[in-house]
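**Student:** Test case, fold it:
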Amino acid sequence: MLARVWSASLVGIDAVKVGVEVDVGGGLPKTIVVGLPDTAVQESKERVKAALKNAGFAFPQRNIVINLTPADLRKEGPSFDLAISVGVLVASEQVDGELLGDHLFLGEVSLDGSLRPVAGVLPIAAAAAGLGISGLVVPANNAREAAIVEDVKVYALRDLAEVADFLNHPEKYPSVELDAQAELTPNFAHIPNLKDVKGQAHARRALEIAAAGGHNLIFVGPPGSGKTMLARRLPGILPPLNFEEALEVSQIHSVAGFLKDRGSLIKERPFRSPHHSASGPALVGGGSFPRPGEISLAHRGVLFLDELTEFKRNVLEFLRQPLEDGYVSISRTRQSVIFPAQFTLIASTNPCPCGYYGDPIQQCTCSPRQREQYWAKLSGPLMDRIDLQVAVNRLKPEEMISQGIGEESQPVRERVAQARDRARYRFQGETKVSCNAEMTTSHLRRFCQLDDVSNQILEGAINKLGLSARAMDRILKVSRTIADLAGDNDIKTTHVAEAVQYRTIERMK
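**Tutor:** Next up, the predicted model:
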């Protein structure tokens, strides 16, 4: 007898419907899996055989052919175990197959018949309605993740015995209900607070501008000046994710397997901080079956690169295209996938190998040649893409011993949210622009008009600092954000002058 069960696979973060056809026929006992399965899928026949027996079902001692369609799509991972198990049960007439036409089955089976969570359930659930699926059967630990999507009924089951009972008596099993908006309430209590930062008014101001406009930022200063401390407080002043953004972020984390046991939506903006030994594929994504890298896991959030000059230069160059386009395209022989990568880059580095160049207290021991080689790791095109370049000096003794508390994150976050609201109002009708950092050339012409004095300041900065056209555009975007924070509709001379001050690294090299 032939049975067809629906499952799904992922290409990037897009779901593809996969048919699992199981034919139980005559001949010597043998089980064959075809349809471009990887090793994990090939091994599923052994898992399914043991799981069915230990769950109290009979595994047919006949010739079994399992075909995964479409045949030209590479299948990977253990998520087809449940669909194969159901196919064997239906084809051997041990359960009713009436529900197979509009239900989709995902899950890994253990040898005792229990269901284990798998990666990528959320994007599959989000695409289920478009795939003609009305019900999704998943392991219990994947239920909250899948139930975020309102257009599909989700059934959370614990083992093969429950799956068989569900197929025979579906009325006994209610679908999982979840209030997605209630799941979205963020918790800022565990995020480091700006009040812990002493002094550093200039750096704090740059951090607020970066949050308000989505601008990339680099801190340069000697060891112990507070660069990392400041960077780790950026998520606490970013506005909360809205539902659409949270769904985007959660789908990426689901594909990476990070939602299998943690529950539903990602509530806070991501903060990713890879070590400087990270490879290019680890940063941008890749692999035989492409998976999202750190820049995609930081989508709608923050990518923090501490000790930026310790990263390999060729690895840093991988960032240039995603910083400009907001996505990364990964091409392989059989497929090409696109992962979203709209993140705010924040980086920190010492000014030289010894760390004390320009420090008024401790003398630098590096030669000019050493400093030149140190900064050569950061190419001009990469630095052009960093809007805010800020020198962070060590605190004065009286600042270090001060018991005063700085401004907390909450009022800063409120100012940032107001500035972003002004930007969103300005960009009404623009589908791909949500903050000032994402403006294109046409947006700059419309929204960043300068008066004569401001143009003279900008022209002087270009001549003195040798800025490129891209760097000039970045100054205009930062000026627009400073105006939004001030509540001004027009960019004023003071806004441009302040934006120029955040290109200090050109003056340090």
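**Student:** and residue 29, how many neighbours does it have?
**Tutor:** Neighbourhood size, residue 29 [other CB atoms under 10 Å]: 10. The C-beta positions use only the backbone N, C-alpha and C, and glycine is treated the same way.
**Student:** ok, for it, nearest residue in space, not its chain neighbours?
**Tutor:** Closest residue to residue 29 apart from its sequence neighbours, by CB to CB, 6 or more residues apart in numbering: residue 61 at 4.5 Å.
**Student:** Against residue 111, how distant is that neighbour?
**Tutor:** Applying CB to CB, to the nearest Å, the value for residue 61 to residue 111 is 19 Å.
**Student:** Among these two, which residue is more densely surrounded?
**Tutor:** Neighbour tally, residue 61 and residue 111, criterion other CB under 10 Å: the higher count belongs to residue 111, 14 against 9.
**Student:** Does the nearest residue to the more buried one once chain neighbours are set aside belong to a helix, a strand or coil?
**Tutor:** Distances taken as CB to CB, 6+ apart put residue 50 closest to residue 111, at 4.5 Å, once the chain neighbours are dropped. What DSSP: H, G, I helix; E, B strand; the rest coil gives for residue 50 is helix.
**Student:** Report how many residues lie close to residue 50.
**Tutor:** That count, for residue 50 with other CB under 10 Å as the rule, works out to 16.
**Student:** Quickly note the distance from it to residue 467.
**Tutor:** Counting by CB to CB, the gap from residue 50 to residue 467 is 66 Å.
**Student:** ok, now residue 53?
**Tutor:** 71 Å.
**Student:** more crowded one of the two?
**Tutor:** Per other CB under 10 Å, whichever of residue 53 and residue 467 has more neighbours is residue 467, with 19 against 13.
**Student:** which element is that one on?
**Tutor:** Using DSSP states H and E, residue 467 sits within no helix or strand.
**Student:** Nearest residue to it in space, please, no chain neighbours.
**Tutor:** According to CB to CB, 6+ apart, the nearest residue to residue 467 is residue 461 (6.4 Å).
**Student:** From residue 8, how far out is residue 129?
**Tutor:** 13 Å.
**Student:** out of the two, which sits in the more crowded spot?
**Tutor:** Remark: of residue 129 and residue 8, residue 8 carries more neighbours, 24 against 13, as counted by other CB under 10 Å.
**Student:** residues of stretch 122-136 that come out buried?
**Tutor:** 122, 123, 124, 125, 126, 127, 128, 133, 135, 136 (16 or more other CB atoms under 10 Å).
**Student:** How many residues are close by residue 452?
**Tutor:** Residue 452: 7 neighbours (other CB under 10 Å).
**Student:** For it, list the residues it contacts.
**Tutor:** Residues near residue 452 by CB atoms under 8 Å, 6 or more residues apart in numbering: none.
**Student:** Distance of it relative to residue 459?
**Tutor:** 10 Å.
**Student:** before we move on, what about residue 107?
**Tutor:** 63 Å.
**Student:** Settle it for me: which of those two has more neighbours?
**Tutor:** Per other CB under 10 Å, whichever of residue 107 and residue 459 has more neighbours is residue 107, with 28 against 11.
**Student:** May I have the phi/psi pair for that one?
**Tutor:** Main-chain dihedrals, residue 107, degrees, to the nearest 10: phi 160, psi 150.
**Student:** So which bits of stretch 374-385 are buried?
**Tutor:** For stretch 374-385, by 16+ other CB under 10 Å, it's 374, 375, 377, 378, 382, 383, 384, 385.
**Student:** what's the answer for stretch 386-405, then?
**Tutor:** 386, 387, 388, 389, 390, 391, 392, 393, 394, 395.
**Student:** Run through the residues that contact the nearest residue to residue 56 once chain neighbours are set aside.
**Tutor:** Nearest non-adjacent residue to residue 56, counting by CB to CB, 6+ apart: residue 161, 6.7 Å away. Contact partners of residue 161, counting by CB under 8 Å, 6+ apart, are 55, 56, 113.
**Student:** so which of those residues comes closest to residue 100?
**Tutor:** Residue 100 lies nearest to residue 55 out of the contacts of residue 161, by CB to CB, at 18.9 Å.
**Student:** Retrieve the pLDDT associated with the residue lying closest to the closest one once chain neighbours are set aside.
**Tutor:** Leaving aside its chain neighbours, residue 55 sits nearest to residue 113 (3.1 Å; criterion: CB to CB, 6+ apart). Here the pLDDT value assigned to residue 113 is 96.
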